[in-house]
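# could you work out the structure for the sequence below:
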Amino acid sequence: MTQPPTDHAITAKKIQVIGVPLDLGQSRRGVDMGPSALRVAGLDARLADLGHVVEDAGNIAVAIAEQKNVGDGQAKYLKEIAATCSEEAEMVLRTLESGKVPLVLGGDHSVGAGTVAGVAEFCRRRGQRIGLIWIDAHTDINTPQSSPSGNVHGMPLAATMGLGPPELVDIFHFSPKVRPQNCVLVGVRRIDSIERENVRRAGISVLTMRDIDERGMRVVIEEALRIASHDTAGYHVSLDMDWVDPEDAPGVGTPVRGGATYREAHLAMEIIADHGGMLSFEIVEVNPVIDEHNRTADLAVELALSAFGKKIL
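Numbering: from 1, shown residues only. You can find the predicted model right below:
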């Protein structure tokens, strides 16, 4: 039997799955069930079928809204969210130190502050920097002062850039976690009016859905990879499933029309896999409560498979 060319073979990785079923960062309930939905869709087994060694670390214990007071209305449940992100950051750090690739399952996007902190600390201890590719319909760069809702899932990117609440900014006692010149937002199509100023203050790169429309997904993702990998040890990829159009991903926390198509989303993940510099990966905002027969979770698993090397041929 003829063997496929070696450049098409998948490099086996040791992957550790970390569930963070947090839903305190937003008003619409249900994303706490996201990690379970992804597991029901066969995430672990399907990654193993590609040749990866997969270990599931289970879920980090998180508080639920019914047990806690909302706290400051400008940053709801911040104390509990920060505690979860700090614990998550430690687990991500330990995962990398053990030679495994963290695959984080949210929960709402506030978990991103913990994931990035853990990866950044791992590299900082080695005198290295990381890049960040934040794939999302929203910029997530609000602060308590600028947020119209007080929902912390709109603040994690600000925290990584040193602009957010101290409880999230100061995880591992350094900031920013990523240099602005190595941080890029991809697929943005809804930005709060005050948030635009935070984007400018942060100095990060933003590639909107218009860029994708005009220039094509390949060009946009390749530019994002150049930004995130320049003078870094690699990059974290944070994938909010609301980046995909609701026609293909209806079960998300905050759906916005006009997102990436099914094939565009896969192409982006495939190009990232081909590049080979991904240090860690997370999928957030899958909401089974409003999904249709778990198809958003199934798509999320498919996209993870593409990000970890699955090819059409």
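# can you list the weak-confidence ranges in the stretch 51-200 of the chain?
Along the stretch 51-200 of the chain, the model assigns pLDDT under 70 to no residue.
# residue ranges for the strands of it, please.
Here the stretch 51-200 of the chain has its strands, by DSSP state E, counting those that start in this stretch, at 53-59, 101-106, 131-135, 183-188.
# and the last one, what does it pack against?
Packing partners of strand 183-188 (3 or more CB pairs under 8 Å, 6 or more residues apart in numbering; DSSP states H and E): strand 131-135, helix 156-160, strand 205-208, helix 209-215, helix 217-229. Every residue, glycine included, has its C-beta placed from N, CA and C.
# for these, which one ends up most surrounded?
Mean neighbours per residue, mean count of other CB atoms under 10 Å, is largest over these for helix 156-160, with a mean of 30.
# which other helices and strands contact that one?
On a contact count with 3+ CB pairs under 8 Å, 6+ apart, helix 156-160 meets helix 112-124, helix 166-169, strand 183-188, helix 195-202.
# how close does the most centrally placed residue in the chain get to Ile64?
In the chain, the C-alpha nearest the mean C-alpha coordinate belongs to Ser238, at 2.1 Å (CA atoms, centre = their mean). As defined by CB to CB, to the nearest Å, Ser238 lies at a distance of 24 Å from Ile64.
# same question, Arg226
Arg226 sits 41 Å away from Ile64, going by CB to CB.
# quick one on the thing from earlier: out of the helices and strands packed on strand 183-188, nearest to Ala304?
Proximity to Ala304 (CB to CB) singles out strand 131-135 among those, at 12.5 Å.
# contacts for that closest one?
Contacts of strand 131-135 with the rest of the structure, by CB atoms under 8 Å, 6 or more residues apart in numbering, involve 112, 116, 140, 157, 160, 177-178, 182-187, 224-225, 227-230, 232, 234-240, 243, 268, 272, 277.
# quick one on the thing from earlier: could you point out which of the helices and strands packed on strand 183-188 sits nearest Met91?
Counting by CB to CB, Met91 lies closest to helix 156-160 out of the helices and strands packed on strand 183-188; the figure is 16.6 Å.
# contacts for the closest one, please.
By CB under 8 Å, 6+ apart, the surrounding residues in contact with helix 156-160 are 109-113, 116-117, 120, 132, 134, 139-143, 164-165, 168-169, 175-178, 183, 185, 198, 202, 204.
# and if we set it to 6 Å?
Applying CB atoms under 6 Å, 6 or more residues apart in numbering, the external contacts of helix 156-160 come out as 109-110, 112-113, 116, 134, 140-141, 143, 164, 168-169, 177-178.
# same check, this time on stretch 67-77
24, 78, 80, 144, 150, 152, 165.
# buried ones among the residues you listed?
24, 78, 80, 144, 150, 152, 165 (16 or more other CB atoms under 10 Å).
# just send the helices and strands packed on strand 183-188 back as JSON lines, with distance to Val252 too.
Output for the helices and strands packed on strand 183-188, formatted as JSON lines (distance: least, CB to CB, whole Å):
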{"stretch": "strand 131-135", "distance to Val252": "13"}
{"stretch": "helix 156-160", "distance to Val252": "16"}
{"stretch": "strand 205-208", "distance to Val252": "19"}
{"stretch": "helix 209-215", "distance to Val252": "16"}
{"stretch": "helix 217-229", "distance to Val252": "19"}
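# point out the one among these that comes closest to Glu247.
helix 209-215 (14.2 Å).
# now the residue nearest to the centre of the chain. Its backbone dihedrals?
Phi and psi for Ser238, reported as degrees, to the nearest 10, are phi -110, psi 110.
# what do you get for the one 5 residues further on?
The phi and psi values for Trp243, taken as degrees, to the nearest 10, are phi -60, psi -30.
# give me the contacts around stretch 279-288.
Surrounding stretch 279-288, the residues in contact under the criterion CB under 6 Å, 6+ apart are 30-31, 33-34, 37, 102-107, 109, 115, 119, 234, 236-242, 251-253, 296-297, 300, 307.
# among those residues, name the buried ones.
Going by neighbour count (16+ other CB under 10 Å), the contacts of stretch 279-288 have 30-31, 33-34, 37, 102-107, 109, 115, 119, 234, 236-242, 251-253, 296-297, 300, 307 buried.
# how many other residues sit next to Ile271?
Ile271: 18 surrounding residues under other CB atoms under 10 Å.
# one more: Gly114?
Counted with other CB under 10 Å, the neighbours of Gly114 add up to 33.
# OK, contacts around it?
Here Gly114 is in contact with 85, 88-89 (CB under 6 Å, 6+ apart).
# make TSV out of those and add distance to Leu96 and neighbour count.
Compiled in TSV, those are given as follows (distance: CB to CB, whole Å; neighbours: other CB atoms under 10 Å):
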residue	distance to Leu96	neighbour count
Cys85	16	29
Glu88	13	29
Ala89	11	24
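# helices of the stretch 201-313 of the chain, residue ranges please.
For the stretch 201-313 of the chain, helices defined by DSSP state H, counting those that start in this stretch occupy the ranges 209-215, 217-229, 262-275, 295-307.
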